[in-house]
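Undergrad: how would this look folded up:
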Amino acid sequence: MRHGSAMKHWPRSTSAGALALIASATSANAHIIGARLGDFYAGAAHPLTDLADLILWFALALLAGSLGPSAARPILLFFPLGLLAGSSVGAEVVFAPAGGLAASGMLVLLGLLLAAGLRIHRNLLCVIAFGAAAMRGASNAGGMGPETNRLLFALGIAIAGYVAIALVAAATVAFRGEETVSRGWRRIAIRALGSWIAAIGLMMGGLALAS
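TA: Down below sits the predicted model:
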C-alpha cells in the first residue's frame, strides 16, 4: 500500500518540480532581456509621454506627406538621425530650459506651412526635420538616469520616430491621392489640420511662457 501510494504521488511531485523549473527559467530569461533592452524600450516609449512630441511628429510627417513621396522619403533618414544625435550627445543641458517654448515655435512653423499650402524644397524640409528631431531628442534625453544606457535609449527614440514618421507620411500621401478632381477637398482638409496645429502651438507657447 505504501509503495502504491508513493507511486501515485510521484507524477504529481514530478510535475510540480518541472513547473517550478520552467517558471524560474522564464523569470530569469525575462530579467536578462529586461536588463539588456529595458533602456531601449524606455527610449521608444518616452516620446509617448509628451504631447509636444506626438503633435510635432505628426505635424512634420503630415507636411512631408502633403508634399509628395519625393519630399517625404529623405526625412525617413534625417529625422531618426536627428533624434539619435540629440538624445545621445547630452545636448539636453542646452535645450532643456527652453524645450517647451522651442517645441511650440516649431509647431507654429509647421502648422503655418501646412495651412498656407507652401511647396517648400525638400532640402529645406530635411533641415527642418533634422533640427526639430535633434531638439526633441535632446529634450527626451532629460528622462535618462545616471544608470541609463544612453545608446540604447537613443536607439529606442530613433526607431520610434522612424516608425511614426513613416506611417503618418505614408497615410498622408495615400490620402492626398493622385487624381486631380479628388485632391481639392483633401488639400483643404490638410490645410485645415495645419491651422489647428498652429493654434495648438500658440496655446502651448502661451502655457510655456506663463509657467
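Undergrad: contact partners of the one helix or strand residue 80 maps to?
TA: Residue 80 belongs to helix 69-88 when assigned by DSSP states H and E. With CB atoms under 8 Å, 6 or more residues apart in numbering as the test, helix 69-88 has contacts from 43, 60-61, 64-65, 95, 122, 125-126, 129-141, 150-151, 153-155, 157-159, 161-162, 165-166, 169-170, 172-173. Heads up, the C-betas are built off the backbone N, CA and C, glycines and all.
Undergrad: Quick check: buried residues in it?
TA: Buried residues in helix 69-88, defined by neighbour count with 16 or more other CB atoms under 10 Å: 71-72, 74-76, 78-88.
Undergrad: what's the answer for stretch 104-117, then?
TA: 104, 105, 106, 107, 108, 109, 110, 111, 113, 114, 115.
Undergrad: excluding its backbone neighbours, what's nearest the third one?
TA: Distance criterion CB to CB, 6 or more residues apart in numbering; nearest residue to residue 106, sequence neighbours excluded, is residue 132 at 5.1 Å.
Undergrad: how many other residues sit next to the one you found?
TA: Residue 132: 26 surrounding residues under other CB atoms under 10 Å.
Undergrad: ditto for residue 38
TA: 16.
Undergrad: again, but for residue 135
TA: Counted with other CB under 10 Å, residue 135 comes out at 23.
Undergrad: quick one: it and residue 203, what's the gap?
TA: From residue 135 across to residue 203, the span is 19 Å (CB to CB, to the nearest Å).
Undergrad: Can you give me the buried ones in the stretch of helix or strand residue 203 belongs to?
TA: Assigned by DSSP H and E, residue 203 falls within helix 180-210. For helix 180-210, burial by neighbour count (16+ other CB under 10 Å) applies to 190, 193, 194, 197, 198, 200, 201, 204, 205, 208.
Undergrad: possible to save the buried residues of stretch 104-117 as TSV with secondary structure and distance to residue 48?
TA: Below are the buried residues of stretch 104-117 laid out as TSV (DSSP: H, G, I helix; E, B strand; the rest coil; distance: CB to CB, whole Å):
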residue	secondary structure	distance to residue 48
104	helix	19
105	helix	22
106	helix	19
107	helix	17
108	helix	23
109	helix	23
110	helix	20
111	helix	21
113	helix	25
114	helix	23
115	helix	26
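Undergrad: Which one of those is nearest to residue 186?
TA: residue 114 (12.8 Å; CB to CB).
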